[in-house]
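Asker: next comes the sequence, and after it the predicted model I'd like to discuss.
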Amino acid sequence: MNYSHLALAAGATLAYFAYGFAVFFLAPSLINESRKYPGVYRSKEEINKVMPIGMIATLVAILVAAVIFAMMNHGGLGVAEGARFGALMSVFVVCGFILHNYVNLNIGLKLAREQVVVYFVQ
């Protein structure tokens, strides 16, 4: 396992939150769409109360992804391998999180589609 890769990937946490802030700040349609489902999503005040849990969980998830990436056998260029891994992780998140939530939560298809785009890139 390459620990410098782990450290670099851990720094991705900042990029993850910066991208999320930019998306929600510059294009608030996702937040506005989720407000149509107050029985499903927490209010801003409630989210602020549990935000530290979400931030820690995100850091742990990124570290786990970094460990998985560091354990892979890299046969190609580092950037290409990272992009391939990122695309695979994006598909995993879309299928295991967003589409799963669309089935289990009472949300509309428009919100699910918007989440697919935002979280795939993130």
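Answerer: That came through fine.

Asker: do you know how far the closest residue to residue 65 other than its chain neighbours is from residue 14?
Answerer: What sits nearest to residue 65 in space, not counting adjacent residues and going by Cβ to Cβ, 6 or more residues apart in numbering, is residue 89, at 5.9 Å. (Each C-beta comes from the backbone N, C-alpha and C, glycine too.) Counting by Cβ to Cβ, to the nearest Å, the separation of residue 89 from residue 14 is 17 Å.

Asker: residue boundaries of the strands in the chain?
Answerer: Taking DSSP state E as the test, none of the chain falls into strands.

Asker: just give me the longest helix of it.
Answerer: If you go by DSSP state H, the chain has its longest helix at helix 44-71.

Asker: that helix packs against which elements?
Answerer: helix 3-10, helix 12-26, helix 78-93 (3 or more Cβ pairs under 8 Å, 6 or more residues apart in numbering; DSSP states H and E).

Asker: check what contacts the longest one and list those residues.
Answerer: Spelled out, that is helix 78-93. With Cβ atoms under 8 Å, 6 or more residues apart in numbering as the contact definition, helix 78-93 has outside contacts at 65, 68, 69, 72, 74, 75, 119, 120, 121.

Asker: relative to residue 77, how far out is the closest residue to the second one other than its chain neighbours?
Answerer: With Cβ to Cβ, 6+ apart as the measure, residue 85 is the residue that lies nearest to residue 68, at 8.0 Å, once sequence neighbours are left out. Residue 85 sits 12 Å away from residue 77, going by Cβ to Cβ.
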